[in-house]
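[1] Sequence first, then the predicted structure:
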Amino acid sequence: MKPSTQLQTLKAEFFRALAHPIRIRLLEVLVTAGPTSVQDLQRALGIDQPIVSQQLARLRSSGIVVARKQRAATFYEVADPLIADLLRVAKEILNRHLVGVQGLLRELKSDRAMAHLK
């Protein structure tokens with residue numbers, strides 16, 4: 001059974017919402033720290049408040065994070081704890097890829113060294 005075009009579109013939109021380094025960093029902090037204010041996220045990432053707010057708005061509009069008002073502050077958190085698993089699996093995939101690339105680089109260096117000796 002083929003997945004519907006609508007489901008594929010939703011998946012693509014989900015991954016597009018994740019497709020920014022600052023948004024990934026925000027999610028990593030939120031997964032680790034739990035509900036966090038914009039000010040604390042700004043300090044943790046060393047990024048200006050407007051940029052943090054803009055990226056949080058994108059994640060929020062995609063349903064990846066949720067906001068909760070508490071007095072004068074707004075706290076953000078991941079909408080689904082499975083986001084932590086997604087980030088962990090992505091890291092594992094990238095680590096495997098990088099291990100393979102490092103092996104190729106070692107092989108290339110070895111081939112160059114052997115060619116230099118000839």
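    Arrived safely. These numbers were taken from a predicted model, which means no experiment stands behind them.
[2] Now do the phi/psi pair for residue 37.
    phi -80, psi 160 (degrees, to the nearest 10).
[3] Which residue comes closest to it once chain neighbours are left out?
    Nearest residue to residue 37, sequence neighbours excluded (CB to CB, 6 or more residues apart in numbering): residue 73, at 4.8 Å. For glycine as for every other residue, the C-beta is placed from the backbone atoms N, C-alpha and C.
[4] And residue 10, how close does it get to residue 17?
    Residue 10 sits 11 Å away from residue 17, going by CB to CB, to the nearest Å.
[5] who has more neighbours, the two?
    More neighbours surround residue 17 than the other of residue 10 and residue 17, with 17 against 12 (other CB atoms under 10 Å).
[6] what about the more buried one, which helix or strand?
    Using DSSP states H and E, residue 17 sits in helix 5-18.
[7] for the record, mean pLDDT for that helix?
    Averaged across helix 5-18, pLDDT comes to 94.
[8] Give me the next element, helix or strand, following that helix.
    In N-to-C order, the element after helix 5-18 by DSSP H and E is helix 21-33.
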